[in-house]
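Asker: Give me a model of this one.
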Amino acid sequence: MYIKKTTKKVKGKTYINHLLVESIATEKGPRHRIICSLGSLAPAPKEEWLSLSHRMQQALAGQTSLMEDVVTNKLVDKVPKLKDSESEVITIETNQVQVQEVREAGPTYVGHQMWKQLDLERILQEAGLSQAAAQLTEVMVINRLVDPVSKHATPDWVNRTALGDIVGKDFSELSDDALYRNLDQLHPRRDEIEKQLAAQERNLFNLEESILLYDLTSTYFEGQCGSNPKAKRGYSRDHRPDCKQVVVGLVIDADGFPKAHEVFEGNRSDTTTLDPMLAALEKRLAKKGGATVVVDRGMASAANLQQIQQKGYHYIVAARQSERMEHWQEYEQQEGWQQILRQPSAVNRSQKKSSVLIKKSLSGQQVHILCKSEGRKEKDRAIRQLHEKRLLSDLGKLAGRIENRQLINPSKIHQSIGRIRERYPLVARYYEISYDSQTAAFSFQENADKKQTANKLDGTYMIKTDRLDMSEEEIWRTYILLTRMEAAFRSMKSPLMERPIFHQLERRVETHIFLCVLAYHLLVCIEKMFLDSGIHTSWQTVRDQLRTHQVVSVLLKTVNGRILKIRQGTTPETIHKEIYKTLRIPETVMTPSKSWL
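Answerer: This is a model prediction of the structure:
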């Protein structure tokens, strides 16, 4: 600081003023800032101005002198008094700066912004939830998206993140009981929320919904689940036949956005789930019928295809393996095949480029697309050889039990044979398995002709459709979209941690799965926006890149002993800025706050 004399002429009269000035650095270089006016009279002889300005600077910084300085004190009184909480300029002890309460912000911030873009708070409130319940639901969904933990552990997780800073709420008193009660409030409102969310995404992303993909997966439990009638043992897609499970049916569109989901009994047959799922679609979609439903061979029965058509939909479906056998001579023919190049999918860039041969065949009002793939040939053969090895092993064990008279009841022997056939349908069909109760002779013999035909058909599959207006390539590429169902189930089971389920009550199991579906909506929105920008990445990658963007508390101790606490986000790094720009969200994760301790 220094003292500066200024003069100014107004209407021929000269005015003199003395200013206390400091030099500051700006983007345009050093500049002078006026602290205050000291009046027209010189505060002291000019040779004392430098010493006087130094004493005033010390006094303004809160330093006191052992000797009372009357002149300095009078001049300091002329400086406009600012409250510490209003002043942007303070003098601090640099060796006592502290950084506290560091919290991860980036992933939860993106989740919150996606929640806002989908207008989920409004949707939940219109479905009958209070604002507080809607906010708790957001917490639970973002947890599934970012770092899935149990409902019991969620309150601790929330307070380890900057979610409270981002949404502007104190979650320090949040309890797991509140989260369990919120599950119960959500349960009866799931259908309405799913319907409104589908409409919001349709408008936001201009989705056509002309292609609907339907498939099933299973999710297993920890515990006995005695209070859940849907918890049954059945075919486990998780390879956990020892656990009870439920079956989850999911419909998504060609862009991967969920349209409807249902939770079925764990032993429910695939074919019996289609009708209730089509009924659910009628309730959730704005338009009914007209779309093409794509399903896998588990729902390829004639009754299922009739159900689809009766609802006003078209179908594309993989034929059952036995139907493929009817065309084995056409597969043997060399002419008529068209080669299609398969590019890596948008949702799985790790796939390698491959090709497939396809041929169109008409059967009344149905189109059959015969397909051959060298890559699939190796996979089919490996799977068949593995199943055959296991079949022969089980047959050998059964033969040993019969020979050692550990199993002598004919009905039980036939039951064992039936179970083995059921366990290995892929290879049991070309083995003759018999038991003669009169002679107690058990035998199994390979049918060489059937096995040879099966060898020839390795790498082949067949697609059926009632879409007579589509080319064979269009039909094939539409069917291949089912790989997006696989990606959806992988996402729900891996980063969103749908399994295992620890809830024992049916309604809470269903709501837990619903929360995972809501989190998947956010995930699809994020990945869709990246794809629209030509960037092929996954949520897991984005999430990990964002973890270093944090919220911190900076404690600044002033020279007069007071402590200023500033709570704000760290400056985003280049990768953070690129992510936020792609998602069209602000870079500032929270409004900074200041308080004096």
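Asker: contacts, neighbours, all on C-alpha from now
Answerer: Fine.
Asker: ranges for the strands of the stretch 101-250 of the chain?
Answerer: Assigned by DSSP state E, counting those that start in this stretch, the strands in the stretch 101-250 of the chain fall at 211-220, 245-253.
Asker: and residue 226, which of the ones you listed is closest to it?
Answerer: Relative to residue 226, the nearest member of the strands of the stretch 101-250 of the chain by CA to CA is strand 245-253, separated by 12.0 Å.
Asker: Against which helices or strands is that closest one packed?
Answerer: When contacts are defined as 3 or more CA pairs under 8 Å, 6 or more residues apart in numbering; DSSP states H and E, strand 245-253 sits against strand 211-220, strand 258-265.
Asker: who touches the helix or strand that the shortest one is followed by?
Answerer: If I follow you right, that is strand 258-265. Sequence-wise, the next helix or strand downstream of strand 258-265 (DSSP states H and E) is helix 274-284. For helix 274-284, the surrounding residues in contact (CA atoms under 8 Å, 6 or more residues apart in numbering) are 191-192, 194-196, 198, 249, 259-262, 288, 299, 304, 307-308, 311.
Asker: Going through those, which ones are buried?
Answerer: 191-192, 194-196, 198, 249, 259-262, 299, 304, 308 (16 or more other CA atoms under 10 Å).
Asker: Pick out the residue nearest the middle of this structure.
Answerer: By CA atoms, centre = their mean, the chain has its centre lying nearest to residue 523, at 3.3 Å.
Asker: close enough to count as contact, that one and residue 539?
Answerer: Yes. With contact defined as CA atoms under 8 Å, residue 523 reaches residue 539; the gap is 6.4 Å.
Asker: I'd like the mean pLDDT over the helix or strand containing residue 24, please.
Answerer: Using DSSP H and E, residue 24 sits in strand 13-26. The average of the pLDDT scores along strand 13-26 is 78.
Asker: In its sheet, which strands sit next to the helix or strand just after it, and in what direction?
Answerer: Downstream of strand 13-26, the first helix or strand assigned by DSSP H and E is strand 29-39. Strand 29-39 sits in its sheet next to strand 13-26 (antiparallel), going by DSSP bridges.
Asker: Report the buried residues of the strand it pairs with.
Answerer: By 16+ other CA under 10 Å, the buried positions in strand 13-26 come out as 18, 19, 20, 21, 22.
Asker: Is it correct that the fourth one is in contact with residue 1?
Answerer: Yes. Using CA under 8 Å as the test, residue 21 is close enough to residue 1 to be in contact (5.6 Å).
Asker: Give me the phi and psi for residue 366.
Answerer: Note on residue 366: its backbone torsions stand at phi -130, psi 140 [degrees, to the nearest 10].
Asker: The closest residue to it other than its chain neighbours: neighbouring residues, count only.
Answerer: Once flanking residues are discounted, residue 366 sits nearest to residue 466: 4.9 Å by CA to CA, 6 or more residues apart in numbering. When neighbours are counted by other CA atoms under 10 Å, residue 466 registers 19.
Asker: For residue 466, grab phi and psi.
Answerer: Main-chain dihedrals, residue 466, degrees, to the nearest 10: phi -100, psi 10.
Asker: Relative to residue 90, how far out is the residue lying closest to residue 566 once chain neighbours are set aside?
Answerer: Nearest residue to residue 566, sequence neighbours excluded (CA to CA, 6+ apart): residue 594, at 4.6 Å. Distance, residue 594 to residue 90, by CA to CA, to the nearest Å: 13 Å.
Asker: Would you mind confirming that the residue nearest to residue 366 makes contact with residue 367?
Answerer: Yes. The pair residue 466 / residue 367 is scored as a contact, 6.2 Å apart, by CA under 8 Å.
Asker: who's the closest residue to residue 209 other than its chain neighbours bridged to?
Answerer: Distance criterion CA to CA, 6+ apart; nearest residue to residue 209, sequence neighbours excluded, is residue 253 at 5.7 Å. On the basis of DSSP bridges, residue 253 is bridged to residue 212.
Asker: Quick one, grab the pLDDT at residue 253.
Answerer: With respect to pLDDT, residue 253 has a value of 93.
Asker: Tell me if I'm right that it and residue 202 touch.
Answerer: No. Residue 253 is beyond contact range of residue 202, at 10.4 Å (criterion: CA under 8 Å).
Asker: now the helix or strand bottoming out on mean pLDDT in the chain: how far from the chain's centre is it?
Answerer: Least confident helix or strand, the chain: helix 70-77 with a mean of 71, by mean pLDDT, DSSP states H and E. The chain centre lies 64 Å from the centre of helix 70-77; the measure is CA atoms, centre = their mean, to the nearest Å.
Asker: Next: stretch 366-382.
Answerer: The answer for stretch 366-382 is 32 Å, by CA atoms, centre = their mean.
Asker: can you dump the C-alpha coordinates of it into CSV?
Answerer: As requested, the backbone C-alpha atoms of stretch 366-382 are provided in CSV (Å, rounded to 0.1, in the frame of the first residue of the first chain):
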residue,chain,number,x,y,z
GLN,A,366,-43.7,-67.0,-43.0
VAL,A,367,-40.1,-66.1,-44.1
HIS,A,368,-37.3,-68.3,-43.0
ILE,A,369,-33.7,-66.9,-43.0
LEU,A,370,-31.1,-69.7,-42.9
CYS,A,371,-27.8,-68.5,-41.4
LYS,A,372,-24.3,-70.0,-41.3
SER,A,373,-21.4,-68.6,-39.3
GLU,A,374,-17.9,-70.0,-39.1
GLY,A,375,-17.3,-68.3,-35.8
ARG,A,376,-20.5,-69.8,-34.4
LYS,A,377,-19.6,-73.2,-35.8
GLU,A,378,-16.6,-73.5,-33.5
LYS,A,379,-18.7,-72.4,-30.5
ASP,A,380,-21.5,-74.8,-31.3
ARG,A,381,-19.2,-77.7,-31.6
ALA,A,382,-17.4,-76.9,-28.4
